[in-house]
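Engineer: I would like the atomic coordinates for the input below:
(one chain, ligands or ions: 2)
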Amino acid sequence: MATPTIAVRPMKSAQIPKPGADFQIIEREIPQPGAGQVRIKVQACGVCHSDAFTKEGQWPGIQYPRVPGHEVVGTIDEVGVGVTDWKKGQRTGVGWHGGHDGTCLYCRRGDFRNCQNLKVPGISYDGGYQQYMVAPAEALTAIPETLSDVEAAPLLCAGITTYNSLRHSGAMPGDLVAVLGIGGLGHLAVQFANKFGYKVAAIGRGAENAPLAKKFGASVYIDNKVTNATEALQQLGGAQVILATAPSSKAMSELFDGLGPNGKLMVIGVDSDPIQVTPAQLVSGSRTIQGWASGTPADEEDTLRFAELTGVRPMIETYPLEKAAEAYARMISGKAQFRAVLTM
Ligand SMILES: [Zn+2]
Ligand SMILES: [Zn+2]
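Structural biologist: Ligands and ions are numbered 1, 2, ... in the order given. You can find the predicted model right below:
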């Protein structure tokens, strides 16, 4: 009788071996899902600015080596014990919200987004820069048929963050909403803001972005290089909301006075420098600053449904997994048009 051989099925991963190190393309064994988890055969994974937390070791407690990636779309390939709502062969995705404990005070209040033990793919566990990944069932999002893998992936972080922050910003149809930065987040923010019925002022650097900003639905394009954007917003009556997508605290500070009365600076681009605003600037006109982080898988499904309904789509550059380092460098340089997506 022949001895049965145990086939080791290898897969490719793009991992960060230690903080600040370059990407390594490695082969390793396909992981098994544990109880309450599924294995996803990854088809596409977006490259997000927040992947720098993993690449550069800017997030406390990351265990290395670590595989980044939290804009993951693929097909369920194996289901762990106790998972009843998801089936093999089903399309699914995982975004920034990579799992919650269901037991902390915030979860008991139904506020899963603020779970005290929130998990993030690519930070808490290996993410989507690889051919297969394992994720907890509560982190999964259903992907509509009409969206392709590479289109859906960026909607699971860049998309949901702009959609969810805007829909909770308090801006009403017809209000002036400024979008600071026309990049991976900003080009989606302009589209969502337009479909929400806002008057959209897109603020970018350089005249070359003007035609695209208009195409995405901006009423006005303000070139921050040659125009004082604060004055330009005030001439339009002052913004109800400035959605700050560019990770520049300096640009946010300089633009704050472009807000009208009761206006809100909504911060989603993350910079490590402080935003500088005086109490007088806040008090005058009762203006506010708010930060916003992503959302739950249910919010992701709302985002995908809205994109499906209205035609909002990311503009992408695709790279094979082997070129993860190149895709990441392109994203960090700010030159990607407008979201880099890895394909497996
Ligand atoms: Zn992200
Ligand atoms: Zn919790």
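Engineer: Every contact and neighbour count from this point should use C-alpha atoms.
Structural biologist: Noted.
Engineer: Next up, phi/psi of the residue most central in space within the chain, please.
Structural biologist: Compute the mean C-alpha point of the chain, and by CA atoms, centre = their mean the closest residue is Cys157, 2.2 Å away. Backbone torsions of Cys157, given as degrees, to the nearest 10, read phi -140, psi -60.
Engineer: which residues touch it?
Structural biologist: Cys48, His70, Glu71, Gly95, Trp96, Ser294 (CA atoms under 8 Å, 6 or more residues apart in numbering).
Engineer: Contact partners for whichever residue of the stretch 201-344 of the chain sits closest to ligand 2?
Structural biologist: Among the residues of the stretch 201-344 of the chain, Thr296 lies closest to ligand 2, at 12.0 Å counting by CA to the ion. Listed by CA under 8 Å, 6+ apart, the contact set of Thr296 reads His97, Phe112, Arg113, Ala139.
Engineer: Tell me how far it lies from Trp96.
Structural biologist: 8 Å (CA to CA, to the nearest Å).
Engineer: What parts of this structure come near ligand 2?
Structural biologist: For the chain, the residues found near ligand 2 under the criterion CA under 5 Å from the ion are Asp101, Gly102, Cys104, Cys107, Cys115.
Engineer: let's see it at 6 Å
Structural biologist: Residues of the chain lying close to ligand 2 by CA under 6 Å from the ion are His100, Asp101, Gly102, Thr103, Cys104, Tyr106, Cys107, Cys115, Gln116, Asn117.
Engineer: Could you give me the PyMOL syntax to select whichever of the residues you listed are buried?
Structural biologist: The buried residues among the residues of the chain next to ligand 2 can be selected in PyMOL (16 or more other CA atoms under 10 Å) with this line:
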select buried, resi 100+102+104+106+107+115
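Engineer: Contacts for stretch 71-85 next, please.
Structural biologist: Contacts of stretch 71-85 (CA under 8 Å, 6+ apart): 32-48, 86-96, 127-128, 137, 143, 149-150, 152-157.
Engineer: Beyond the longest helix seen in the chain, next helix or strand please.
Structural biologist: Determined from DSSP state H, the single longest helix within the chain is helix 297-310. Once the chain leaves helix 297-310, the next helix or strand it forms, by DSSP states H and E, is strand 316-320.
Engineer: average pLDDT across stretch 178-186?
Structural biologist: Mean per-residue pLDDT for stretch 178-186: 96.
Engineer: Need the CA coordinates for that stretch. PDB is fine.
Structural biologist: The C-alpha coordinates for stretch 178-186 follow below in PDB (Å, rounded to 0.1, in the frame of the first residue of the first chain):
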ATOM      1  CA  ALA A 178     -15.300  71.000   0.300                       C
ATOM      2  CA  VAL A 179     -13.100  67.900  -0.300                       C
ATOM      3  CA  LEU A 180      -9.500  68.600   0.500                       C
ATOM      4  CA  GLY A 181      -7.200  66.300  -1.500                       C
ATOM      5  CA  ILE A 182      -8.000  64.600  -4.800                       C
ATOM      6  CA  GLY A 183      -6.300  61.200  -4.300                       C
ATOM      7  CA  GLY A 184      -7.300  57.700  -3.300                       C
ATOM      8  CA  LEU A 185      -9.900  59.000  -0.800                       C
ATOM      9  CA  GLY A 186     -10.700  62.300  -2.300                       C
END
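Engineer: Tell me if Ala153 really is in a helix.
Structural biologist: Yes. Ala153 sits within a helix when classified using DSSP: H, G, I helix; E, B strand; the rest coil.
Engineer: List the contacts of it.
Structural biologist: Ala44, Cys45, Gly46, Glu71, Val72, Val73, Gly93, Val341.
Engineer: next one: Gly238
Structural biologist: Leu176, Gly258, Leu259, Gly260, Pro261.
Engineer: Could you dump these into CSV and include neighbour count and secondary structure?
Structural biologist: Below are the contacts of Gly238 laid out as CSV (neighbours: other CA atoms under 10 Å; DSSP: H, G, I helix; E, B strand; the rest coil):
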residue, neighbour count, secondary structure
Leu176, 26, strand
Gly258, 25, helix
Leu259, 26, strand
Gly260, 22, strand
Pro261, 17, strand
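Engineer: Check the spacing between Lys215 and Arg287 real quick.
Structural biologist: 31 Å.
Engineer: Compare these two (neighbour count), which wins?
Structural biologist: Arg287 (21 against 12; other CA atoms under 10 Å).
Engineer: I figured the more buried one was touching Gly258, is that so?
Structural biologist: No. In this structure, Arg287 is not within contact of Gly258 by CA atoms under 8 Å, at 10.8 Å.
Engineer: list residues touching both of these two?
Structural biologist: Joint contacts of Arg287 and Gly258 (CA under 8 Å, 6+ apart) do not exist.
Engineer: What segments of the stretch 101-250 of the chain are strands?
Structural biologist: 132-136, 140-142, 176-180, 199-204, 220-223, 239-244 (DSSP state E, counting those that start in this stretch).
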